[in-house]
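Novice: Sequence below, structure please.
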Amino acid sequence: MPHLLIALFILNATTAFACSVPVFRYALEHWAADPYRVTVPHGTKLHGNFKVTTADVPKIELRQPLMMRNDEVIWSADFNEANVKTLLDSPARQQIAERLGAGESAVWVLLESGDAAKDAAAAKFLDERLTYLSGVMELPKLDQQDIKNGLVSVPGDGLRLEFSTLRLKRDDAAESAFIAMLLASEPDLRGLNEPIAFPIFGQGRVLYALVGKGIRVETVDRAAQFLIGSCSCQVKEQNPGVDLVMAVDWKKMVKDQAMPGQQLPELTQIVDLLPQTVKIEGKAEAKAVDSPVWFDWRAGLGLIALLVAIRMLMKR
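Specialist: I've put the predicted structure just below:
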């Protein structure tokens, strides 16, 4: 009996690591955004995904979610209606939400440096590379059990593998709060005067930043592979990325896209043990990638432990 309990424990731990749903889709359906902290004048009511503090100040002060462990004010502005709107939403965020809602895998925001030549080169490379990847990469095959378990609300043929880009000027006043969130997603970005690419997916989550010469084949391919690969670890905090403020009803968006009668349970039991891989083939500069996406080693170790436990049971 002890061996059986050990095996069951390992099975439960292992199955929490992997499923067949692509990361971008799993994140859209299950990874709720962490609330940003905002300080506003006394008596102010603020709607949105915020943890609100009131103070005797005539300003809006924005800080990152508590889990980021950064108490620095990343954006501030006089308290007025226009600045509240800038905090809550912006044209760029509306476009991102529209594209993600239409099923795109990710929207790559290119924050321009102000150097026209550098920005044009980065934009051209991103557009061409992402178009190429959209044509040669393949989504993992959905496990029907994952659909039954409520891990995804659309069938495999309802998923799109598509990336797009969106250019953003650093001095765009309407995007000032959004730009502040992007630059705060990593600690050293604000001092860099280079074009920066941010892949955004799920419920408005930026994966990480690609800066200047870091916007190249290997890094773009690696990010794309992660986003469309099987969700090998379903715990959001154990995956890369930082949430953004997006004025979107994500639950309604997912519900509108869902198959008729498909229910998304609050708690699900995962049964798929093995992560899938994504292979990129094509032009010579695109090296074939045939290794599991990030964090798949966890599922592999868990499976090994499970097999050991089963072997122990068989020896009894």
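Novice: Which residue ranges of the stretch 151-300 of the chain form strands?
Specialist: Residue ranges of the strands in the stretch 151-300 of the chain, as given by DSSP state E, counting those that start in this stretch, are 163-168, 196-201, 205-206, 210-211, 242-243.
Novice: So which of those strands is the most surrounded?
Specialist: Highest mean neighbour count among the strands of the stretch 151-300 of the chain (mean count of other CB atoms under 10 Å): strand 196-201, with a mean of 26. All C-beta atoms are positioned from the backbone trio N, CA, C, and that covers glycine.
Novice: how about low-confidence regions in this structure?
Specialist: 1-18, 259-316 (pLDDT under 70).
Novice: Name the helix or strand for the closest residue in space to D243 that isn't next to it in sequence, please.
Specialist: Take D243 and drop its neighbours on the chain: the residue closest to it by CB to CB, 6 or more residues apart in numbering is A33, 4.0 Å away. Under DSSP states H and E, no helix or strand contains A33.
Novice: A33 - how many residues pack around it?
Specialist: Residues within reach of A33, counting by other CB atoms under 10 Å, total 20.
Novice: how close does it sit to R205?
Specialist: 7 Å (CB to CB, to the nearest Å).
Novice: Over to E104?
Specialist: The gap separating E104 from R205 is 14 Å, by CB to CB.
Novice: Touching, L87 and T39? I think so.
Specialist: No. With contacts counted by CB atoms under 8 Å, L87 stays clear of T39, the gap being 11.5 Å.
Novice: Spit out the residues that contact these two alike.
Specialist: Counting by CB atoms under 8 Å, 6 or more residues apart in numbering, the shared contacts of L87 and T39 are I60.
Novice: quick one: which of those two has more around it?
Specialist: L87 (25 against 19).
Novice: got a list of what that one touches?
Specialist: With CB under 8 Å, 6+ apart, L87 has these contacts: V38, I60, L62, W75, A77, A177, V245.
Novice: L182: which of the strands of the stretch 151-300 of the chain is closest?
Specialist: Of all those, it is strand 196-201 that lies closest to L182, at 5.5 Å by CB to CB.
Novice: buried stuff in the host helix or strand of A120?
Specialist: In the assignment (DSSP H and E), A120 maps to helix 116-136. Using 16 or more other CB atoms under 10 Å as the test for burial, helix 116-136 gives K118, D119, A122, A123, F125, L126, D127, R129, L130, Y132, L133, S134.
Novice: next SSE after it?
Specialist: Sequence-wise, the next helix or strand downstream of helix 116-136 (DSSP H and E) is helix 144-148.
Novice: before we move on, back to that, would you format the strands of the stretch 151-300 of the chain as CSV with distance to L182 included?
Specialist: Listed next are these as CSV, based on distance: least, CB to CB, whole Å:
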stretch, distance to L182
strand 163-168, 8
strand 196-201, 5
strand 205-206, 6
strand 210-211, 12
strand 242-243, 9
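Novice: So for L28, which of these sits nearest?
Specialist: Evaluated over those, closeness to L28 peaks at strand 196-201, with 7.4 Å, by CB to CB.
Novice: residues in contact with that closest one?
Specialist: 23-24, 27-28, 96, 100, 105-111, 113, 122, 126, 163, 182-183, 185, 189, 206-212, 215, 220, 223-224, 227, 241, 244.
Novice: Could you do stretch 207-218 as well?
Specialist: With CB under 8 Å, 6+ apart, stretch 207-218 has contacts from 106, 113, 118, 122, 125-126, 129, 182, 185-186, 189, 192, 194-201, 219-220, 223, 226-227, 240-241, 285-287.
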